[in-house]
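Asker: Structure for the following, please:
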Amino acid sequence: MSDELSHPTTAELEALVNAAVEKRVGAAFAELEKTVADLKSSVESVREACPDDRTTIVAFSGDMDRLFAALTIASGSAAMGMDVSMFFTFWGLSALKVRTTYSGKSVGQKMAAMMLPGGPASVPTSRMNMSGMGPVFFKMLMKQKNVQSLPEMMDMVQELGVRLVACEMSMGVMGISREELIPGIDYGGVATYLGDAARSKVTLFI
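Answerer: The predicted structure follows:
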């Protein structure tokens, strides 16, 4: 007597198919979730490596035309919504001065104070200075063309929220005290500059 063959029912076949499909779909979803997680991690790593929407400028020169260029770029960057830092060092510190004092300074510092401009309104030009006549000439041309003066540019960048930083080491060398500089600015050193520059899309030395 032959054994009767047992055939699975329709319900059993459906259950087997569903189980196989669920297994394959589950594995596919797990792989997809892993891929998405890896992609998010990669995107986050790229985002961290990308610089901020920031401009950092070193204002080293104390010349009217170069300071004007630095302030124009700073104001333009701030108007575009970028965070802006200006690091004033050595001759560039003249742009931050509002007065000159001599008390409490050494002989060398007093000599340096005598030779430095008293503020942005009295800085020379890098070309065609002509014993002090150059700045007068260019100021006249700027006024005729309705171009803001250097002191007005300094006021504007402050109103735009540009961070102004005076180099403390240079202040000591040049004999400049905090009382001689405009209020509301920051003070720092090379670490301050590098901290901003390392996160900036635009860095300039003027």
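Asker: could you pull out the helices for this structure?
Answerer: Assigned by DSSP state H, the chain shows helices spanning 10-49, 64-79, 107-115, 133-144, 150-159, 168-174, 190-197.
Asker: any residues touching the longest strand seen in the chain, and which ones?
Answerer: In the chain, taking DSSP state E as the definition, the longest strand is strand 52-59. Outside of strand 52-59, the residues within contact range by Cβ atoms under 8 Å, 6 or more residues apart in numbering are 67, 70, 73-74, 77, 81-89, 92, 95, 193, 196-197, 199-206. Where you see a C-beta, it was placed from the backbone N, CA and C, and this is true even at glycine.
Asker: Just the buried residues of those residues.
Answerer: 67, 70, 73-74, 77, 82-89, 92, 95, 193, 196-197, 199-200, 203-204, 206 (16 or more other Cβ atoms under 10 Å).
Asker: what's the domain layout of the protein?
Answerer: In terms of domains, the chain is parsed into 9-50, 52-205 (source: automatic domain parsing).
Asker: would you turn these into CSV with mean pLDDT?
Answerer: Formatted as CSV, those follow (pLDDT from 0 to 100):
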stretch, mean pLDDT
domain 9-50, 72
domain 52-205, 93
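Asker: Tabulate the helices of the chain in CSV, adding columns for distance to residue 127.
Answerer: Below are these laid out as CSV (distance: least, Cβ to Cβ, whole Å):
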stretch, distance to residue 127
helix 10-49, 41
helix 64-79, 7
helix 107-115, 20
helix 133-144, 8
helix 150-159, 16
helix 168-174, 23
helix 190-197, 27
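Asker: Quick check: which of these is buried the most?
Answerer: Compared across those, helix 64-79 shows the largest average neighbour count, a mean of 20 (mean count of other Cβ atoms under 10 Å).
Asker: Distance check, residue 16 against residue 22.
Answerer: In this view, residue 16 and residue 22 are 11 Å apart by Cβ to Cβ, to the nearest Å.
Asker: How about residue 112?
Answerer: 82 Å.
Asker: Quote the end-to-end distance of stretch 192-206.
Answerer: Length of stretch 192-206, first residue to last, Cα to Cα, to the nearest Å: 17 Å.
Asker: And stretch 146-154, by the same measure?
Answerer: 16 Å.
Asker: from now on call the first residue 12
Answerer: Sure thing, new numbering starts at 12, so read that last one as stretch 157-165.
Asker: residues making contact with that stretch?
Answerer: 75, 78-79, 82-83, 86, 106-107, 130-132, 134, 150, 152-154, 167, 193.
Asker: go with 10 Å
Answerer: Outside stretch 157-165, the residues that touch it by Cβ atoms under 10 Å, 6 or more residues apart in numbering are 75-76, 78-79, 81-83, 85-86, 97, 105-107, 109, 130-134, 146, 149-150, 152-154, 166-167, 173, 175, 193.
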